[in-house]
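**Student:** Quick check, what structure comes out for this input:
(chains A and B)
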Amino acid sequence: MKAVDAPPPVTLQGMLLGARLVFPFIPGSIVFAAAFGTTAAQKGLSVLETVLMSALMYAGSAQLVALELWRTDVWTGAAILAISAVVFTVNARMILQGASLQPWIYPLPNTVLWPSLGLLTDANWVVGTRYHAGGGRDVGVLIGAGIMLWIVWVGGTLPGRLAGGLVQHPERFGIDLVMPIVFTAMVVPLWKGRQDTICWAASALVALATAWLWPGYAFVVTGGLAGALTGAALGVLEDRRRGGGNA
Amino acid sequence: MPDPSPFGLTAGSLAAIVAMALASYLCRVLGVWLMAHVPLTQPVRRGLAALPGSIIVAIIAPLVMRGGPSALAALAAALVSMLIKRNELLALAVGLSVVSLLRAWGV
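**Tutor:** From the prediction side, this is the model:
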């Protein structure tokens, strides 16, 4: 059953805007995609397998981790289940990202909503979140940014796979920091006051503790959840202080 | 290792790729689907409002710790640039310049 809220618009102008807003992420995506292609060559994946993986999974970190578990001999059902489970945990942060988008995008018709979510990734999520926080409602921004990045991602994978070692020492130019830098820049307009400071501090502490205790990518999920729970708790406290229910 | 044929694809490797793609898609839709079945009370609304920034901070914090002083300086420079002038591309340019310089000097 779907909510009865008026669905947000999806326009071509919005998609073009999204494609433009995602521009800062493109150099980093190309290098990351080429690095994935190069690693795939070393792990013995065919060109077709490499490109299919980028086109269908469209999830950088999860694809790199999957290469560590890739088999060039026989795929048993158990091996397929294991590699899928690892991919799920690496991508689990997208569950939280989807949850944060829900109030905005859920009123879309099913035929638009569920296919569009196939394009969800860190960069278009952050671009869409920033746009929505600034008062925008056009989901075309999210979709356009996603399509743009998908083209770049698949397009960058192929040359990396064909010409191994295309990118030598990308870290010299700080390419490995493009993503963190753009994320840092994009978090600034999301700050709305002291409550955010408290929630974000909780998130950072829990993420750091998790990363220290636990290898892998769980820190994004635990940190994000800690921030959201802190926000919910602050909301409850504030309601109590106001005397419950009058506000 | 012999290079496989460019179009090499076995039933097994195709099944693995499709399974991984489905696992990824499940992550993409699960949060939206779950939140559609949770009543939007005031605390839930507050939690959702705090979620985007918290996710970003959770992604950045451990990367900074692992990246060392040059990464920390780059992010700080990008942050200051963004506070002065709200332009993401400019912040990116500033951050990358700082890290390239510091790494060239061996920091």
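**Student:** For A:Glu229, which non-adjacent residue is closest in space?
**Tutor:** In this structure residue A:229 is Leu, not Glu. Once flanking residues are discounted, A:Leu229 sits nearest to B:Gly47: 6.4 Å by CB to CB, 6 or more residues apart in numbering or on different chains. For every residue, glycine as well, the C-beta is placed using N, CA and C.
**Student:** Does A:Gly235 lie in a helix or a strand, and which?
**Tutor:** helix A:218-241 (DSSP states H and E).
**Student:** Just the buried residues of stretch A:85-98, please?
**Tutor:** Of the residues in stretch A:85-98, A:86-98 count as buried by neighbour count, 16 or more other CB atoms under 10 Å in any protein chain shown.
**Student:** Check the secondary structure at the residue of chain A positioned farthest from its centre for me.
**Tutor:** Using CA atoms, centre = their mean, the residue of chain A lying farthest from its centre is A:Gly243. It sits 39.5 Å away. What DSSP: H, G, I helix; E, B strand; the rest coil gives for A:Gly243 is coil.
**Student:** ok, it to A:Ala233 distance?
**Tutor:** 18 Å (CB to CB, to the nearest Å).
**Student:** Give me the helices and strands touching the helix holding A:Gly235, please.
**Tutor:** helix A:93-105, helix A:194-213, helix B:42-84 (3 or more CB pairs under 8 Å, 6 or more residues apart in numbering or on different chains; DSSP states H and E).
**Student:** mind checking how far the first one is from the chain centre?
**Tutor:** Right, the one you point to is helix A:93-105. Averaging C-alpha positions (CA atoms, centre = their mean, to the nearest Å) puts helix A:93-105 10 Å from its chain's average.
**Student:** now do the longest one
**Tutor:** The gap between the average C-alpha position of helix B:42-84 and the chain average comes to 11 Å, counting by CA atoms, centre = their mean.
**Student:** Can you tell me which helices and strands it packs against?
**Tutor:** Checking 3+ CB pairs under 8 Å, 6+ apart, helix B:42-84 ends up next to helix A:93-105, helix A:122-133, helix A:178-187, helix A:194-213, helix A:218-241, helix B:88-104.
**Student:** if you set the cut-off to 10 Å instead, what comes out?
**Tutor:** helix A:93-105, helix A:122-133, helix A:178-187, helix A:194-213, helix A:218-241, helix B:11-35, helix B:88-104 (3 or more CB pairs under 10 Å, 6 or more residues apart in numbering or on different chains; DSSP states H and E).
**Student:** Of the ones you listed, give the one that comes closest to A:Gly60.
**Tutor:** helix A:122-133 (8.2 Å; CB to CB).
**Student:** Restricting to C-alpha, output that closest one in PDB.
**Tutor:** The C-alpha atoms that make up helix A:122-133 are tabulated as PDB, following Å, rounded to 0.1, in the frame of the first residue of the first chain:
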ATOM      1  CA  ASP A 122      27.200   7.200  -2.100                       C
ATOM      2  CA  ALA A 123      27.700  10.100  -4.500                       C
ATOM      3  CA  ASN A 124      24.200  10.500  -5.900                       C
ATOM      4  CA  TRP A 125      22.800  10.000  -2.400                       C
ATOM      5  CA  VAL A 126      24.900  12.800  -1.000                       C
ATOM      6  CA  VAL A 127      24.100  15.100  -4.000                       C
ATOM      7  CA  GLY A 128      20.400  14.400  -3.600                       C
ATOM      8  CA  THR A 129      20.500  14.800   0.200                       C
ATOM      9  CA  ARG A 130      22.200  18.200  -0.200                       C
ATOM     10  CA  TYR A 131      19.700  19.300  -2.800                       C
ATOM     11  CA  HIS A 132      16.700  18.200  -0.800                       C
ATOM     12  CA  ALA A 133      18.100  19.900   2.400                       C
END
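**Student:** ok, now which ones touch B:Leu9?
**Tutor:** A:Leu45, A:Ser46, A:Val47, A:Leu48, A:Glu49, A:Leu52, B:Ile17 (CB atoms under 10 Å, 6 or more residues apart in numbering or on different chains).
**Student:** again, only using 7 Å
**Tutor:** Counting by CB atoms under 7 Å, 6 or more residues apart in numbering or on different chains, B:Leu9 touches A:Ser46, A:Leu48, A:Glu49.
**Student:** can I assume the last one is in contact with B:Leu14?
**Tutor:** No - proximity of A:Glu49 to B:Leu14 does not meet the contact threshold set by CB atoms under 7 Å, at 8.1 Å.
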